[in-house]
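Participant: Could you work out the structure for the sequence below:
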Amino acid sequence: MVSTRRRPARRRVWPKIRLLLFVAVIAVGATALYPVWRAANPDPPELVVRYRTSTPAMSAAAKPSLEVFNKTDKQLPLSDVTLRYYFTADDGASYAFNCVNAAFGCSNLAGRVVEMGKPTGTADRYLEIRFTEAAGTLEPGANSKGIDLQLFRTDHKKLDQSDDRSFDAAMTSYQEAKKVTAYRRGVLVWGEEPDGTKPDAKNKTKASAAPGPLPAVPEGVLFDNFAYTGAQDPALFKHGWLVRTSKGGPGIKNTWSADGVTFPGDEKALKGGQVLQLRASTDGTEAGTKQASLGTAASKFREGTYAARVRFSDEPTSGKDGDHVIQTFYTIGGKGSQYSELDNEYMPNGAWGRPGPKLDTVSWHDHRTNDRVYTTTNKSLADWHIVMIRVKDDVVSYWLDGKKLFVSSGKYAPRADMSVNFNHWFVDLPFKGERVWDMKVDWLYYNANEVLSAKEVETAAGSFTANGMNYVDTVQGVQ
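Facilitator: Sure, this is the predicted structure:
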């Protein structure tokens, strides 16, 4: 009989101990190496931002064009997204921006220039871009398509982009750009901030505070605070404005010029903001005269509230006083039996044999027969004013700084959709010598659906400006 000997328990346990030790060593090593591996293999981003530009380092305006890609398997509302484009200010200049083009409409985009608390060598400010709910939602894998922006100095001097963090002259076609950062509900999800901060899926306490939602814009509203580079700004035309250069009257015929349409910064009145400036200039001859006009290309306005913050002038900016100049905010449209026109005409030196300063508020039925009704406010208005026209149920009322000036009705109510215009022109040329007259407009607001007070209009305009919504147009569905 063969005897069997039992193996000591220690020999059976030892392989298990060695296995456990081996696993422990591997685990410790993996833990130590995980950060290295993680850095080399990060989670895929929720979204990707691509960038291109068409400008050299020295340029009249920075022109970043951005695309946002949804890299998740869920819908991405653009209203959840904030973008930041970093740059360095030139000699303490103030800046403005506008949207030239966006597939979802520039009306659904807002921006602001923010001074950084901790500047770096390539960034002390950023242009922050946000979107309204009406900008829509990106489906999984979809992209926003190009969002064409302009960033420029309000003094309209050239920018030096050579030290701007987010600028890259080599990117003339869309490429991923990690020097443009993106946030979702305030959390950094794309790019690298100037201080080196990167997206961190595990520690979201590093995220910036989520900005508040942008106000919803009702249908039938137009707002513009005239943040443009000049009369040739592509955004000006994309936003539906026309600078008049055509022949004809009123005033000194065939003298309408784009030279008089500018958008200077007005530090004193607007704290660094911009205005529309219409300059009428002359040397006393027809050949040396230029008149200025800006109006909407579309005739799509009729009932509702028209309002503008306008600065009338009683004296020329330079040269001798005495011209019969007309500074106007008016609407016009239709022909023949449908002709419609509503005027605010300020004449600091009067005109047509009537002394000034005075404001005529006029409702027209037929310009061919001079069929109109009007009233005259005889006083100086050489300052900023809220000028309003309200149209409701065939009744037209004119208002100045919240005070009703005049009411017309019946056949003097608009019979056609109209355009909105600002003009500055000469009635005649009474003497020789160079002189220049300036009229300014801070903003224009129109609401097709509501009859508003001056205070309500100012609140609405102020809300748009405070939220960086320089331009909004939802009239008749146009964005």
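Participant: Below-threshold pLDDT in this structure: ranges please.
Facilitator: Where the chain drops to pLDDT under 70, the residues are 1-44, 201-210, 267-272, 477-479.
Participant: Show me how the record splits it into domains.
Facilitator: The chain breaks down by automatic domain parsing into domains covering 47-206, 221-477.
Participant: how distant is the longest one from the center of its chain?
Facilitator: Using C-alpha atoms, centre = their mean, to the nearest Å, the mean C-alpha position of domain 221-477 is found 20 Å from that of the whole chain.
Participant: Likewise for stretch 82-97?
Facilitator: That offset, for stretch 82-97, works out to 15 Å (C-alpha atoms, centre = their mean).
Participant: Likewise for stretch 183-202?
Facilitator: How far stretch 183-202 lies from its chain's middle: 26 Å, per C-alpha atoms, centre = their mean.
Participant: follow-up on the earlier one: which stretch among the domains of the chain comes nearest residue 214?
Facilitator: domain 47-206 (4.6 Å; C-beta to C-beta). C-beta here means a position set from N, CA and C on the backbone, and glycine is covered the same way.
Participant: How many residues are close by residue 394?
Facilitator: 14 (other C-beta atoms under 10 Å).
Participant: and it, what are its phi and psi?
Facilitator: phi 60, psi 20 (degrees, to the nearest 10).
Participant: mind listing what the closest residue to it other than its chain neighbours touches?
Facilitator: Residue nearest to residue 394 in three dimensions, not counting chain neighbours: residue 413, with 3.9 Å by C-beta to C-beta, 6 or more residues apart in numbering. Contact analysis of residue 413 by C-beta atoms under 8 Å, 6 or more residues apart in numbering lists 363, 391, 394, 395, 396.
Participant: and the gap between residue 413 and residue 391?
Facilitator: Distance of residue 413 to residue 391, given as C-beta to C-beta, to the nearest Å: 7 Å.
Participant: re the thing from before, can I get the contacts of residue 413 in CSV with secondary structure and distance to residue 326?
Facilitator: Below are the contacts of residue 413 laid out as CSV (DSSP: H, G, I helix; E, B strand; the rest coil; distance: C-beta to C-beta, whole Å):
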residue, secondary structure, distance to residue 326
363, strand, 17
391, strand, 22
394, coil, 27
395, strand, 26
396, strand, 20
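Participant: Now the element after the one helix or strand residue 128 maps to, going C-ward?
Facilitator: Using DSSP states H and E, residue 128 sits in strand 123-131. Counting by DSSP H and E, the next helix or strand C-terminal to strand 123-131 is strand 137-138.
Participant: Run me through the strand neighbours of that next one, direction for each.
Facilitator: Within its sheet, strand 137-138 is paired with strand 76-77 (antiparallel), according to DSSP bridges.
Participant: Who's the closest spatial neighbour of the residue most central in space within the chain, skipping the chain neighbours?
Facilitator: In the chain, the residue lying closest to the centroid (C-alpha atoms, centre = their mean) is residue 470, at 2.9 Å. Leaving aside its chain neighbours, residue 470 sits nearest to residue 227 (4.4 Å; criterion: C-beta to C-beta, 6+ apart).
Participant: Let me see the contact set for residue 116.
Facilitator: With C-beta under 8 Å, 6+ apart, residue 116 has these contacts: 123, 124, 125, 126, 194.
Participant: Return the member of the residues you listed nearest to residue 348.
Facilitator: Distances from residue 348 to these, taken by C-beta to C-beta, are shortest for residue 125, at 40.4 Å.
Participant: Tell me which residues touch the closest one, please.
Facilitator: Counting by C-beta under 8 Å, 6+ apart, the residues that residue 125 touches are 86, 87, 88, 89, 95, 113, 114, 115, 116.
Participant: Same question for the one helix or strand the last one maps to: list its buried residues.
Facilitator: According to DSSP H and E, residue 116 maps onto strand 109-120. Within strand 109-120, the residues that qualify as buried by neighbour count (16 or more other C-beta atoms under 10 Å) are 109, 110, 111, 112, 113, 116.
Participant: so how far is residue 453 from the fifth one?
Facilitator: It refers to residue 113. The value you get for residue 113 to residue 453, if C-beta to C-beta is used, is 32 Å.
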